[in-house]
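Just a sequence and a predicted model for now, questions to come.
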Amino acid sequence: MGLDRGHLLRVLFVTTEMDDFVRVGGLAAVSAALPRALRSHTDVRIMLPGYRDVIEHLTHIEIVGQCAALAEMPACSLGRSSTRDGLPVYVLLCDELYDRPGNPYGDESGQDWADNDIRFGRLAAAAAELAAGTLDKNWAADLVHANDWQAALVPAYLAWRGVAVPSILTIHNLAYQGLFPRESLRRIGAPESSFHIDGLEFYDKLSFLKGGLVYASHLTTVSSTYAQEITTSELGCGLEGLLRQRSNAHELTGILNGIDESWDPRYCQQLAQPFAAGDWEGKKANADYVRKQFGLAVSRGPMFGIVARLVHQKGIDLVLEAADEIVGAGGQIVVTGTGEPAIERALLEAHRRRPDAIGVAIGFNDAQARRIFAGSDFTLMPSRFEPCGLSQMYAQRFGSLPIGHQTGGLAETITDGETGFLFEKPSAESFLGGVKRAFSAFTRTEQLNAMRLSAMARSFSWDLSAACYNALYRKMLTSA
């Protein structure tokens, strides 16, 4: 199918999180920013499940279509609305699947919903119908851009229905794969013939993500380094063979995420005091505010911030192991985030031991996160793997030098010794090596300020990512 030059490319962007409405991780930030950056190039429309939070935020939802029941997936309606700045949003309305407390994926105690196969199978099947033009009579997609395992079966439903709309699947984190027992195949109306090693089958389970890796026309991930790493046995999560195959066929591309323009300390209203590069008194005012807020002692030593999901992947255990040494050398640690209960408990215990030097806020608050980046001297990111990472970009814009493991997006966005520090291995010893280099820079004011200026001058605009995606979309359509 060729693409005529005057035609505004119609892209359906399918996601389960968006900062405007609901956030669990970095996918929400990407889903809010990338489509907006693509608007000048394309007619991009977002499709989301009709969670409580989404429906509460939208003032007017117009019903544009009805999806019939499929296998064990209930009938539902498709609503159309828009964000405050006019970005079109489709919402899949089905109270029995999406109107629940907790987060998009699980209940308030953190347990995944038992019917997630039906909840996200329903989303994928409806998105395929919308793309094909059978749901909204006034719109069909030229291309579908699906995100992570929850939307990964959109390309599969397109293929099963014989709909020739090309598709991209973006892998934001390969470790989350959407694995279900074999009987889920029947529950979501997938053909029995798709359950084999070259289809949805993964060690006798059904893998939503693998379905996308097999059926999508093209795969992307959120940094070039991660695109290479997932073709190795170390970080391929058992899917490296398939990913190598797609990579060798030039069907896997790494496109680095960007960050929102609101991450500018000169104009950020949430800070204790906005500041520009070179205004170190302004930065100090934020540090004093954070110390006071977390009940830390007045200190002339460095402050190390952590703004992260508190999960094993993020290497928080390495920070806990190094905490006594950091505090003993005159440092303070401030942490905010939510995640695995065991990690949350260990952090709270570290705070109880040293309330003067370790501050912990379990939960996520955007304004507080921004103040931690603005007030801290260094941001700790000892992730075992990091597909892209956003905190290291936010940190640099706010003059907090990231200390990161040399992996994925961290390796691409931190210039070692210039805008932050990279360490080689996800081990306590290697991490401490990075921390010691940071302590050393902290004592050399000239070096510290030069690094801060370099970090704050970095641009991580979404415009570049959007241009790369736009080029990929058009290339796919001209070759389709």
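Arrived safely.

so residue 159 sits right up against residue 216, yeah?
No - the pair residue 159 / residue 216 is not scored as a contact, 9.5 Å apart, by CB atoms under 8 Å. For the C-beta atoms, the positions are set from N, CA and C on the backbone; glycine is no exception.

Looking at these two, which one has more neighbours?
Taking neighbours as other CB atoms under 10 Å, residue 159 and residue 216 compare with residue 216 leading, 26 against 21.

Contacts only, for the more buried one.
Contacts here follow CB atoms under 8 Å, 6 or more residues apart in numbering; on that basis residue 216 touches 146, 152, 155, 167, 168, 169.

Could you measure from residue 34 over to residue 465?
6 Å (CB to CB, to the nearest Å).

what helix or strand is the closest residue in space to residue 423 that isn't next to it in sequence on?
Distances taken as CB to CB, 6 or more residues apart in numbering place residue 434 nearest to residue 423, at 3.7 Å, with adjacent residues excluded. Following DSSP states H and E, one finds residue 434 within helix 428-443.

Equivalent analysis for residue 7, please.
Assessed by DSSP H and E, residue 7 sits outside every helix and strand.

For burial, what's the neighbour tally of the nearest residue to it once chain neighbours are set aside?
Closest residue to residue 7 apart from its sequence neighbours, by CB to CB, 6+ apart: residue 142 at 8.0 Å. Using other CB under 10 Å, residue 142 has 22 neighbouring residues.

residue contacts, residue 142?
With contacts defined as CB under 8 Å, 6+ apart, residue 142 is in contact with 3, 7, 9, 10, 11, 165, 166, 477.

From those, pick the one nearest residue 458.
The nearest member of these to residue 458, counting by CB to CB, is residue 11 at 28.5 Å.

can I assume that closest one sits in a strand?
Yes - per DSSP: H, G, I helix; E, B strand; the rest coil, residue 11 lies within a strand segment.

That one contacts residue 39, correct?
No - taking CB under 8 Å as the definition, residue 11 is not a contact partner of residue 39, at 10.1 Å.

Is residue 262 located within a strand, as I assumed?
No - under the criterion used here (three-state DSSP), residue 262 is coil, not part of a strand.

Could you report the neighbour count for it?
When neighbours are counted by other CB under 10 Å, residue 262 registers 13.

again with residue 478
Residue 478 has 10 neighbouring residues, counting by other CB under 10 Å.

for the nearest residue to residue 78 once chain neighbours are set aside, what are its contacts?
Spatial nearest neighbour of residue 78, excluding adjacent residues (CB to CB, 6+ apart): residue 65 at 4.3 Å. With contact taken as CB under 8 Å, 6+ apart, residue 65 is in contact with 77, 78, 129, 130, 134, 135, 136, 137.

one more time with 7 Å
Contact partners of residue 65, counting by CB atoms under 7 Å, 6 or more residues apart in numbering, are 78, 135, 136.

Can you say which helix or strand has it in it?
Using DSSP H and E, residue 65 sits within strand 62-67.

returning to what we had before: ok, residues contacting the helix holding residue 434?
For helix 428-443, contacts defined as CB under 7 Å, 6+ apart pick out 302, 318, 321-322, 325-326, 329, 377-378, 382, 401, 403, 421, 423-424, 447-448, 451.

can you tell me the average pLDDT over that helix?
Average pLDDT, helix 428-443: 97.

Stretch 114-121 too?
Stretch 114-121 carries an average pLDDT of 98.

for stretch 354-373, same thing?
96.

quick one: buried residues of it?
For stretch 354-373, burial by neighbour count (16 or more other CB atoms under 10 Å) applies to 354, 357-362, 364, 368-373.

First-to-last residue distance for that stretch?
21 Å (CA to CA, to the nearest Å).

any low-confidence regions in this protein?
1-6, 480 (pLDDT under 70).

let's see 80
For the chain, residues meeting the criterion pLDDT under 80 lie at 1-7, 110, 479-480.

Residue 351: what's it in contact with?
Applying CB under 7 Å, 6+ apart to residue 351 gives the contacts 358, 359, 360.

and it, helix, strand or coil?
Of the three states, residue 351 takes helix under three-state DSSP.

where exactly do the strands run in the stretch 101-250 of the chain?
Here the stretch 101-250 of the chain has its strands, by DSSP state E, counting those that start in this stretch, at 143-147, 167-171, 179-180, 201-202, 205-207, 218-221.

Next, format those as CSV and append mean neighbour count.
Converted to CSV, the strands of the stretch 101-250 of the chain look like this (neighbours: other CB atoms under 10 Å):
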stretch, mean neighbour count
strand 143-147, 28
strand 167-171, 27
strand 179-180, 18
strand 201-202, 19
strand 205-207, 22
strand 218-221, 24
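
re earlier: tell me which entries of the contacts of residue 351 lie within helices.
The helices, defined by DSSP state H, take in nothing from the contacts of residue 351.

which of those residues lies closest to residue 194?
Distance to residue 194 across the contacts of residue 351 (CB to CB) is lowest for residue 360, with 46.0 Å.

show me what contacts that closest one?
335, 347, 348, 351.

repeat that for 8 Å
294, 334, 335, 336, 347, 348, 350, 351.

Go through the residues you listed and name the one nearest residue 90.
When the contacts of residue 360 are compared for distance to residue 90 (CB to CB), residue 336 wins out at 33.0 Å.
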